[in-house]
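**Q** kindly generate the corresponding structure for this input.
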Amino acid sequence: MSEVPKTAIELAKRFEGFHRVPKADPGRAHPYICPAGYWTVGYGHLCESTHPPITESEAEVYLARDLQTALAATLRYCPVLVAEPEGRLSAIVDFTFNLGAGRLQTSTLRRRINQRDWEGAARELLRWVNGGGRVLPGLVARRTCEVALLR
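**A** The predicted structure is shown next:
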């Protein structure tokens with residue numbers, strides 16, 4: 001299996017952050033509800049509301065696994081990315097990590113990527129900025145970074 005591009009790891013960390021919730025338990029991340037309404041812990045790892053708090057090193061392990069899963073799905077659905085610059089792969093791995101393989105699989109974005117229509121793919125990426133029924137500034141910023149890597 002391929003290695004997760006460093007840029008994809010940096011994007012995930014930049015936009016997910018390591019969320020520490022209570023001041024009474026510093027250094028440990030507790031489950032929280034993300035802006036899209038999902039229970040999450042650490043660096044955007046989906047979990048149950050009852051998940052125990054984790055340390056930053058545990059969050060790193062979850063992130064590595066989650067990104068490896070996203071990379072595998074990205075290459076399965078967009079095999080052309082194997083032969084493209086690393087930035088393009090990083091952008092789509094981050095998209096897949098953020099929104100899930102199912103969203104990539106059924107998207108027009110996937111079609112544009114596999115056609116190597118990079119401008120069309122960039123336009124499609126910029127459509128994925130809603131969470132919980134509204135435009136989220138964090139998703140706008142994330143998609144903008146992904147588009148820059150895609151071009």
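
**Q** what comes up buried for the helix or strand containing residue 70?
**A** Using DSSP states H and E, the element containing residue 70 is helix 56-77. By neighbour count on 16 or more other C-beta atoms under 10 Å, the buried set for helix 56-77 is 58-60, 62-63, 66-75, 77. To be clear about C-beta, it is placed using only N, CA and C from the backbone, and glycine gets the same treatment.

**Q** in the protein, where is pLDDT below threshold?
**A** Along the chain, the parts satisfying pLDDT under 70 run over 1, 20-22.

**Q** would you map the helices across this structure?
**A** 6-16, 56-77, 86-99, 101-105, 108-114, 118-125, 137-150 (DSSP state H).

**Q** which one of those helices is the most hemmed in?
**A** Most buried of the helices of the chain by mean neighbour count (mean count of other C-beta atoms under 10 Å) is helix 86-99; its value is a mean of 24.

**Q** so it versus helix 118-125, what angle?
**A** Orientation note: helix 86-99 sits at an angle of 20 degrees relative to helix 118-125 (axes from the mean of the first three to the mean of the last three C-alpha atoms, to 10 degrees).

**Q** before we move on, the earlier item: contacts for the helix holding residue 70, please.
**A** 1-2, 4, 8-9, 12-13, 16, 18, 27, 29, 41-45, 54, 81-82, 89, 92-94, 96-97, 101, 104-105, 110 (C-beta atoms under 8 Å, 6 or more residues apart in numbering).
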